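Participant: The following comprises the amino acid sequence and a computationally predicted model.
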Amino acid sequence: MDTFLYTFYTMAYVIILIWSLRSTPSKFRWSLRSFVHLVIIGLIFDNAVIASGKFIGEGEFLAFLNEMRYWIHAFITPTLVLYALGLLRLTSAKWRKSGLALGSFILFTVGLIVYEIQTGILNKTLEPVWEYGVLRYNTVESSSGPPIMILLVMVLLLVTSIILWKLTKWPWMFVSLCIILVLNVIPFNFASSAVTNGFELLLMLLLVVTKKHYEHMR
């Protein structure tokens, strides 16, 4: 079952990415908001590796691919901080395009990357784990609760959604984030390890829809 779900997530991310990039093909140019595309590419790799684990089998190659999952996660996920600033730059807030704002958001992003590398990758040992028909390599050390880096990124996105709601009267990013956060804390008793990845998919779809909404308002 989980193999099917992770395959579905992989394909869904590909569709979301293509949809986002093709929405305005003649006008596309890289901006801070485009970091959401980079995160989606990372999630495509992440879910594809998990989905194909049992077909590749235990060994150095699968271990390498799973180690890359951790490195990509550490470097790319914090860039959602810059995506948030990119959204704020589409509002009338005076500070949004200041050098201080850009420097602060970059510093926060780098800090999250360094923290995640130090706590989630360095000096960690990966071991093969079979769970619900899926083979992957996880860190031996168990963690209690969601990673600090993810929590901080979600808090920043939530604050951003509140600011956007106040300045543009568009509450849907805030409402959707609240729903996703509530779903994350509900103890679902599914025989699957892929539920959290489903919430990630909903989050990325929300961020792309939000990006398209504000860019089309320009």
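Facilitator: Okay, I see it. Numbering: from 1, shown residues only.
Participant: what about the protein, any weak spots by pLDDT?
Facilitator: Screening the chain residue by residue with the criterion pLDDT under 70, one finds the ranges 23-28, 93, 141-146, 188, 218.
Participant: what's the nearest residue to Tyr214 if we skip its chain neighbours?
Facilitator: By the measure of Cβ to Cβ, 6 or more residues apart in numbering, the closest residue to Tyr214 outside its immediate chain neighbours is Leu90, 4.6 Å from it. The C-beta positions use only the backbone N, C-alpha and C, and glycine is treated the same way.
Participant: Just give the number of residues close to that neighbour.
Facilitator: Residues contacting Leu90 under the criterion other Cβ atoms under 10 Å number 19.
Participant: how about it, phi and psi?
Facilitator: Recorded main-chain torsions at Leu90 are phi -90, psi 0, according to degrees, to the nearest 10.
Participant: so how far is Met217 from it?
Facilitator: Distance of Leu90 to Met217, given as Cβ to Cβ, to the nearest Å: 7 Å.
Participant: Likewise for Glu116?
Facilitator: Relative to Met217, and taking Cβ to Cβ, Glu116 is found at 33 Å.
Participant: Among these two, which residue is more densely surrounded?
Facilitator: Between Glu116 and Met217, counted using other Cβ under 10 Å, the more crowded position is Glu116 (22 against 10).
Participant: Helix or strand: which one has Trp130?
Facilitator: Taking DSSP states H and E as the definition, Trp130 sits inside strand 126-131.
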